[in-house]
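Chemist: The sequence isn't on hand, but the structure is:
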């Protein structure tokens, strides 16, 4: 009788742990893709030093938002929405700055 209860409890705990990591995956993947876009634009000379500095500061801001949201151990839907919105803005900023016909000197 105790064995099925232990198995059920273990499955429930692992489901909660998995749910937390699954919700973090899309944010982490987006941050990685954005970092690669910035790096690629830098390599191809599509960003000035000021643009590069601004984009990196934006990435740090998003990381800070995510860290603050997770600080209490619970990443709420509102906090996740706020981080996703910041990632959307950062993505548009990366696109605009890397295609604005300014180049690194």
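Modeler: Ah, there it is. What you see is a predicted model; the values in this text were computed from it and never measured.

Chemist: which regions of the protein lie under the pLDDT threshold?
Modeler: 1-2, 4-9, 11-24, 105 (pLDDT under 70).

Chemist: For it, just list every one of the helices.
Modeler: Ranges of helices in the chain, per DSSP state H, are 2-43, 49-70, 77-98.

Chemist: Tabulate the ones you listed (JSON lines), appending distance to residue 104 and mean neighbour count.
Modeler: Backbone N, C-alpha and C define where each C-beta goes, glycine included. Listed next are those as JSON lines, based on distance: least, CB to CB, whole Å; neighbours: other CB atoms under 10 Å:
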{"stretch": "helix 2-43", "distance to residue 104": "8", "mean neighbour count": "12"}
{"stretch": "helix 49-70", "distance to residue 104": "7", "mean neighbour count": "15"}
{"stretch": "helix 77-98", "distance to residue 104": "11", "mean neighbour count": "15"}
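
Chemist: can you count the residues close to residue 101?
Modeler: Number of residues near residue 101 (other CB atoms under 10 Å) recorded here: 5.

Chemist: Please apply the same query to residue 44.
Modeler: Look at residue 44: counted by other CB under 10 Å, it has 11 neighbours.

Chemist: Tell me the spacing between residue 90 and residue 30.
Modeler: 9 Å (CB to CB, to the nearest Å).

Chemist: can you check residue 89 too?
Modeler: The spacing between residue 89 and residue 30, counted by CB to CB, is 12 Å.

Chemist: how far away is residue 89 from residue 45?
Modeler: Distance from residue 89 to residue 45, by CB to CB: 24 Å.

Chemist: again with residue 10
Modeler: Counting by CB to CB, the gap from residue 10 to residue 45 is 54 Å.

Chemist: again, but for residue 85
Modeler: 30 Å.

Chemist: got it, and residue 99?
Modeler: In this view, residue 99 and residue 45 are 13 Å apart by CB to CB.

Chemist: And for residue 68?
Modeler: Separation of residue 68 from residue 45 (CB to CB): 35 Å.

Chemist: same deal with residue 78?
Modeler: For residue 78, the distance to residue 45 - CB to CB - is 40 Å.
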